[in-house]
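Asks: Everything below, folded, please.
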Amino acid sequence: PAAAGPLVVRSSRSHAGVLLVRFEGVDDRDRAEALRGTMLVIDSADIPPSDDPDEFHDHQLIGLTVLTPDGERAGEVADVLHHGQDLLVVRRQGREVYVPFVKALVPVVDLEKGHLVVDGPAGLLDPDEAV
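Replies: Modelled structure (predicted):
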């Protein structure tokens, strides 16, 4: 498919569970229909940081080193899933482990040092070793 952009969002709104987006310079139905299915991407450098110290963008978390509370390296954040509850996908020893991204289980996120701490019950990071 040919490149459609760059596109500038003029407005957006939700309608019947669908996000409707209007772009500058796309003023008729035929031009809009031609964009249906277009994947929209943005450079993460263009996304301003959140004012909330406990809110993070996915791109800030992916790649962070995962540490245990005593500082042991336990893996790396491979992805963030949003399925009603945010889940960190932690790649550990060739496996993927899903960790709910809540303050009780992930008490520390240090973007400057490039890590976060997972403090969960036995077996959270090693399901085969659960007690």
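Asks: so where is the chain shaky, pLDDT-wise?
Replies: Applying pLDDT under 70 to the chain flags the ranges 1-3, 127-131.
Asks: any idea where the helices of it begin and end?
Replies: Across the chain, reading from the start of the chain, the helices by DSSP state H fall at 29-34, 58-61.
Asks: Name the nearest residue to the most centrally placed residue in the chain, ignoring sequence neighbours.
Replies: Ranked by distance to the mean C-alpha position of the chain (CA atoms, centre = their mean), the top residue is residue 58 at 2.5 Å. Counting by CB to CB, 6 or more residues apart in numbering, the nearest residue to residue 58 once its immediate chain neighbours are dropped is residue 80, at 4.3 Å. Where you see a C-beta, it was placed from the backbone N, CA and C, and this is true even at glycine.
Asks: cool, and residue 54?
Replies: Once its chain neighbours are removed from consideration, residue 54 has its nearest residue in residue 103; the separation is 6.8 Å (CB to CB, 6+ apart).
Asks: for the protein, longest strand please?
Replies: Looking across the chain with DSSP state E, the single longest strand is strand 73-82.
Asks: For that strand, give me every contacting residue.
Replies: Strand 73-82 is contacted from outside by 58, 61-68, 86-93, 96-98, 101, 116, 118, 125, using CB atoms under 8 Å, 6 or more residues apart in numbering.
Asks: Separate out the buried members of those.
Replies: Buried by 16 or more other CB atoms under 10 Å: 61, 64, 66-67, 86-90, 92, 97, 101, 116, 118, 125, out of the contacts of strand 73-82.
Asks: quick one: which of those residues is nearest residue 49?
Replies: Of all these, residue 61 has the smallest distance to residue 49: 12.9 Å, by CB to CB.
Asks: show me what contacts the closest one?
Replies: 77, 80, 88, 101, 109, 116.
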